[in-house]
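A.B. asks: What shape does this take:
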Amino acid sequence: MNGFWESIVSLIWYTFFFLMPAGALSMLVHFLLSLPLRRRERARFFLDLIETALTRGQPVEHAIVSAAATRDRVMGMRFYLVAAHIEGGLRLGAALEKVPRFLPPQISAMLCAGEKLGDLKRVLPACREILRDAPAAVRSAVHYMIALLLVFSPIAVFLISMMAVLVIPRFKEVASGAGAGGRLWPVTRFVFDHSFLLVGFETVLFLLLVAAAFIYVGGPGVVRWFQFRRLPWADWIVWHTPWKQKYLQRTFSAMLAVLLDGGVPEAEAVRLAGDCTANEICRCRTRRVLAALEQGARLDEAVGEFDDTGEFRWRLTNAVHARGGFLDALRGWHEALDAKAFQQQEATAHAVTSGLVILNGVVVALIATAMFGVLIVILKGAAEL
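C.D. replies: Next up, the predicted model:
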């Protein structure tokens, strides 16, 4: 009978101290990994709502308020804030500006440009191109990196810290007591003298991964917290990240094509397309394009300021002579940009995760070699006696 109650107590202890924390951690990981996907789904639903209202000939603002009256939680709290601002008398663009984190900044800027153009339906295809999902391989690589961050990196930091505090000092005492201090291997002396440097190295790697995961989960709204208008360092980093730069080029190209198809003058179309990127570096390059247009350059020549490779200029030159509009003519360019961006993003995620595993292995190998080096030196000394 005592064995039965001991089994029950063991089961309760196992449930509360292992299964429940493991389940909570799994739920947290799922919640964090699904946040970017949920943001995209909400944005797609919002675009579908706008398109449905326009197709039926209804005012967009009325459709948003009617959808908010259903109290469906799928759209999230920010959707109801937008609906509340619209119900208070604001237009769609002004309401989106009041709730900047409801949609990705590029989508909000495109919808505001469509409102100024007087034809929201025309900008919807360009908005949907921005919301295109990454391939499954890219998502799995990024998710693997975050899982590695949440599980293995903290364990590695904890174990190496414990070894630096508890194990390495004991081995130092053993080596000095055996009189082997002068015969230690260089690797052993390095680990003994710089054990906390190894801990600091692991901690820095962990913090860098935390920052990357925080940006991925938080999305563009989190990045804007650290942005300064006079010093747009976050936008500079985004522009110089290879796959992000291609996404920005796609946004600019898609919106420029939509505006040109809508009969907007070239200079105004370029300015609005630059604003739709929601990136200060892109706006700076847009001003160079406008300056070139003012000096008499053709549009396909002026956009060379926006693309250092010259491919956008070639694509736009061909689009001028194509049938079906600029957006259809540039669709292949947009798909090529997406494919290259996805490839670079996947390669970076794999490189980061593989590099982290290798670096952790190197640190563990250094510590293990140092420990065994002490034992080997002591054994050699004992054999010589």
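A.B. asks: ok, longest helix in this structure?
C.D. replies: Criterion DSSP state H: the longest helix present in the chain is helix 331-384.
A.B. asks: Could you check how far it is from the centre of its chain?
C.D. replies: 22 Å (C-alpha atoms, centre = their mean, to the nearest Å).
A.B. asks: And A109, which helix or strand is it part of?
C.D. replies: Using DSSP states H and E, A109 sits within helix 105-117.
A.B. asks: The longest helix of the chain - contacts with which helices or strands?
C.D. replies: Helix 331-384 sits against helix 136-162, helix 168-177, helix 186-193, helix 195-218, helix 242-261, helix 311-320, with contacts defined as 3 or more C-beta pairs under 8 Å, 6 or more residues apart in numbering; DSSP states H and E. To be clear about C-beta, it is placed using only N, CA and C from the backbone, and glycine gets the same treatment.
A.B. asks: average pLDDT across the third one?
C.D. replies: Looking back up the chat, that one is helix 186-193. Across helix 186-193, the average pLDDT comes to 80.
A.B. asks: tell me the most buried of the helices and strands packed on helix 331-384?
C.D. replies: Mean neighbour count (mean count of other C-beta atoms under 10 Å) peaks for helix 242-261 among these, with a mean of 24.
A.B. asks: For the next helix or strand after that helix, name the packing helices and strands.
C.D. replies: Sequence order places helix 266-276 as the next helix or strand after helix 242-261, per DSSP H and E. Under the contact criterion of 3+ C-beta pairs under 8 Å, 6+ apart, helix 266-276 touches helix 105-117, helix 242-261, helix 280-294, helix 299-302.
A.B. asks: mind running it again at 7 Å?
C.D. replies: helix 105-117, helix 242-261, helix 280-294 (3 or more C-beta pairs under 7 Å, 6 or more residues apart in numbering; DSSP states H and E).
A.B. asks: Pull the distance from that helix to the chain's centre.
C.D. replies: From the chain centre to the centre of helix 266-276 is a distance of 26 Å (C-alpha atoms, centre = their mean).
A.B. asks: buried sites along that helix?
C.D. replies: Judged by neighbour count (16 or more other C-beta atoms under 10 Å), helix 266-276 contains these buried residues: 266, 269-276.
A.B. asks: Give me the phi and psi angles of D119.
C.D. replies: With angles defined as degrees, to the nearest 10, D119 sits at phi -150, psi 90.
A.B. asks: helices and strands around the helix holding A109, which ones?
C.D. replies: Partner elements for helix 105-117 (3+ C-beta pairs under 7 Å, 6+ apart): helix 92-98, helix 120-130, helix 242-261, helix 266-276.
A.B. asks: now what about the first one, what contacts it?
C.D. replies: When contacts are taken as C-beta atoms under 7 Å, 6 or more residues apart in numbering, the neighbours of helix 92-98 outside the stretch itself are 60-61, 82, 85-86, 102-103, 108, 111-112, 115.
A.B. asks: Can you list the buried residues in stretch 326-339?
C.D. replies: 326-327, 329-331, 333-334, 337-338.
A.B. asks: Distance check, the residue nearest the centre of the chain against E51.
C.D. replies: The residue lying closest to the centre of the chain (C-alpha atoms, centre = their mean) is Y216, at 3.2 Å. Y216 is 29 Å from E51, where distance means C-beta to C-beta, to the nearest Å.
A.B. asks: Export the helices and strands packed on helix 266-276 as TSV, with columns for distance to L231 and mean pLDDT.
C.D. replies: Converted to TSV, these look like this (distance: least, C-beta to C-beta, whole Å; pLDDT from 0 to 100):
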stretch	distance to L231	mean pLDDT
helix 105-117	18	84
helix 242-261	19	86
helix 280-294	10	87
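A.B. asks: Indicate which one of those is closest to P169.
C.D. replies: With C-beta to C-beta, the closest approach to P169 among the helices and strands packed on helix 266-276 belongs to helix 242-261: 45.4 Å.
A.B. asks: What lies in contact with the closest one?
C.D. replies: 106, 110, 113, 117, 122-123, 126, 129-130, 238-239, 269-270, 272-274, 276-277, 279, 282, 306-307, 312, 325-327, 330, 333-334, 337-338, 340-341, 344-345.
A.B. asks: quick one, domains of this protein?
C.D. replies: 2-103, 135-385 (automatic domain parsing).
A.B. asks: Okay, now the unreliable bits of the stretch 201-350 of the chain?
C.D. replies: In the predicted model, the stretch 201-350 of the chain carries pLDDT under 70 at residues 218-230, 320-322, 324.
A.B. asks: Does Q58 fall in a helix, a strand, or a coil region?
C.D. replies: Per DSSP: H, G, I helix; E, B strand; the rest coil, the local secondary structure of Q58 is coil.
A.B. asks: now it: how far from T52?
C.D. replies: For Q58, the distance to T52 equals 8 Å [C-beta to C-beta].
A.B. asks: Same check on A257?
C.D. replies: Per C-beta to C-beta, A257 is found 24 Å from T52.
A.B. asks: hmm, back to that, redo the contacts of helix 92-98 as CSV? Include neighbour count and distance to V204.
C.D. replies: Compiled in CSV, the contacts of helix 92-98 are given as follows (neighbours: other C-beta atoms under 10 Å; distance: C-beta to C-beta, whole Å):
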residue, neighbour count, distance to V204
V60, 20, 48
E61, 19, 50
V82, 23, 40
H85, 20, 43
I86, 23, 47
F102, 23, 35
L103, 25, 35
S108, 23, 36
L111, 23, 41
C112, 21, 41
E115, 17, 46
